[in-house]
Every structure is written in C-alpha cells, then in structure tokens.
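> Structure, please.
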Amino acid sequence: MWWSRMHGARLILADPDEATRREIREAVQRYGYLVVGSVGDGRSAAQLIFQREPEAAVISWQLPLRSGLEVARVVEEQMVCAVVLTAEELNWFVLEEAREAGVQALLPKPLTEQVLIP
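Presented below is the predicted three-dimensional model:
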C-alpha cells in the first residue's frame, strides 16, 4: 500500500475532534511519520496544506467551515499532497465522492492504529 511506503513523511492532520487528532498524531509518530500541522476545520486545513506542502494529509470528511471533501478536491487538483479521508459512515455515496476527488485512501472512523498503519 502507498501509505506504508511513506515512512518518515510529513503529515497534516485535520479533524474537528482534538482527541482524535491527538490519537492519530501519537499513532503515526510511533511509526516514524512527522506531523507538521494539526487543525480542526477545513479552511485552516487547506491553508496549512498549501503553506507546509506535506507529503500527505489525513482529513476528516466532517469538518466545519469547509468540508474535508472540498479540501481534498482542491488539494488533489493542485497536486499538493496525497489525501487520506476519514469518515464515520462509509457508503456508496462517500466512496464515489472520495474516488472522484482523487482521494488516495478512505478510512473508517473510529480510527485504530491497525487501520492507520497497515
């Protein structure tokens, strides 16, 4: 999987829940990833991604101010970084929208370390 080949990569985390961001940060750091930014809304996520140009961004579908899907579309369109989208509900609509947006991976919430780091 492409994600496992990114050991040492710089990541941006975007999730409305601070505890979830902290859990993701701790899990990915144990495996050698460097978190270069962590935010709770879509507008800040897009700004941070374009400023820091990480190798990948882990973005929640459910973000305030700008949805994770909107952020993913812009980031993928500009080819800034790979996008991993997380969602509480995975259904046909979510899968199709993520595919059309060019998302590299779609992970179910709640996230576990086994899901994050295959």
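
> what's residue 56 in contact with, if anything?
When contacts are counted by Cβ atoms under 8 Å, 6 or more residues apart in numbering, residue 56 touches 3, 6, 9, 10, 11, 12, 81, 82, 83, 84, 104. Quick note: C-beta positions are derived from backbone N, CA and C, even for glycine.

> Rank those residues by pLDDT and give me only the lowest.
In terms of pLDDT, residue 3 ranks lowest among these, with 49.

> before we move on, the earlier item: got a markdown table for the contacts of residue 56, with secondary structure and neighbour count too?
Formatted as a markdown table, those follow (DSSP: H, G, I helix; E, B strand; the rest coil; neighbours: other Cβ atoms under 10 Å):
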| residue | secondary structure | neighbour count |
| --- | --- | --- |
| 3 | helix | 19 |
| 6 | helix | 17 |
| 9 | coil | 17 |
| 10 | strand | 17 |
| 11 | strand | 24 |
| 12 | strand | 28 |
| 81 | coil | 21 |
| 82 | strand | 21 |
| 83 | strand | 27 |
| 84 | strand | 22 |
| 104 | coil | 17 |
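
> Do me a favour and average the pLDDT over the helix or strand hosting residue 21.
Taking DSSP states H and E as the criterion, the element that holds residue 21 is helix 18-30. Average pLDDT, helix 18-30: 92.

> All good on my end, thank you.
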